[in-house]
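Asker: sequence and computational prediction follow.
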Amino acid sequence: MAIREILVVPSPVLKQVSETVRVVDDDLRALMDDMLETMYAAPGIGLAAIQVGVAKRVIVMDLARDGEEAQPRFFVNPEILWASEETAPYEEGCLSVPEIYDEVERPLQVKLKSLNYQGEEIVEDAEGLFAVCIQHEMDHLDGVLFIDHLSRLKREQAIKKVKKLVKAA
Ligand code: NI
């Protein structure tokens, strides 16, 4: 396993649409292992492959709270089968937009289909933080960042702040 570099805005790579994975094999599992290690080191609760520069429809996630045992989860080619009409705001952040947090309104519940680490198809319901996180990460697969859901002014301010942060590092 290896920690990979996380791309930050305004990297044009983050705007790419990721490709469907054709087979879940050892190479893909090695990518998922690296992504998980990178996410834990950041630290973060979710990461899409495009954030480490790989345009594949792969997401890793761990929503365990502090003190809880790790609960790594892997989503390959995730698809939303159903989303509730009811929406809710949640204050989101993103490893590719460091130190910026703002509210995004999304469906409260979704039904989701994906392949897991073994390549098995899983259909599951998501709500709460899981629903927020999976929708945020799935946006990444289509080149959409959470700041794209904000006003143009807020988005430009966020990118400016991240540029400053990167320069100071
Ligand atoms: Ni993100």
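Answerer: Okay, I see it.
Asker: count the neighbours of the closest residue to residue 55 other than its chain neighbours for me.
Answerer: Nearest non-adjacent residue to residue 55, counting by CB to CB, 6 or more residues apart in numbering: residue 18, 4.6 Å away. Backbone N, C-alpha and C define where each C-beta goes, glycine included. Neighbours of residue 18 under the rule other CB atoms under 10 Å: 20.
Asker: quick check: phi and psi on residue 18?
Answerer: phi -80, psi 150 (degrees, to the nearest 10).
Asker: quick one: it from residue 111, how far?
Answerer: Here the criterion is CB to CB, to the nearest Å. By it, residue 18 lies 21 Å from residue 111.
Asker: next one: residue 157
Answerer: Taken as CB to CB, the span from residue 157 to residue 111 is 35 Å.
Asker: could I get the average pLDDT for stretch 137-151?
Answerer: Here stretch 137-151 scores 98 as its mean pLDDT.
Asker: report the buried residues of that stretch.
Answerer: Using 16 or more other CB atoms under 10 Å as the test for burial, stretch 137-151 gives 137, 138, 139, 140, 141, 143, 145, 146, 147, 149, 150.
Asker: residues in contact with it: which ones?
Answerer: Stretch 137-151 has contacts (CB atoms under 8 Å, 6 or more residues apart in numbering) with 9, 14-18, 46-48, 50-51, 57, 59, 61, 75, 78, 80, 92-94, 96-97, 100, 102, 104-105, 136, 154-155, 158-159.
Asker: start to end distance for it?
Answerer: One end of stretch 137-151 sits 20 Å from the other (CA to CA, to the nearest Å).
Asker: now do stretch 2-22
Answerer: 23 Å.
Asker: what are the buried residues along it?
Answerer: Applying 16+ other CB under 10 Å to stretch 2-22 flags 4, 6, 7, 8, 9, 14, 18, 21 as buried.
Asker: in CSV: these, plus secondary structure, pLDDT and distance to residue 33.
Answerer: Converted to CSV, these look like this (DSSP: H, G, I helix; E, B strand; the rest coil; pLDDT from 0 to 100; distance: CB to CB, whole Å):
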residue, secondary structure, pLDDT, distance to residue 33
4, coil, 98, 11
6, coil, 98, 16
7, coil, 98, 19
8, coil, 98, 22
9, coil, 97, 26
14, helix, 98, 22
18, coil, 98, 18
21, coil, 98, 15
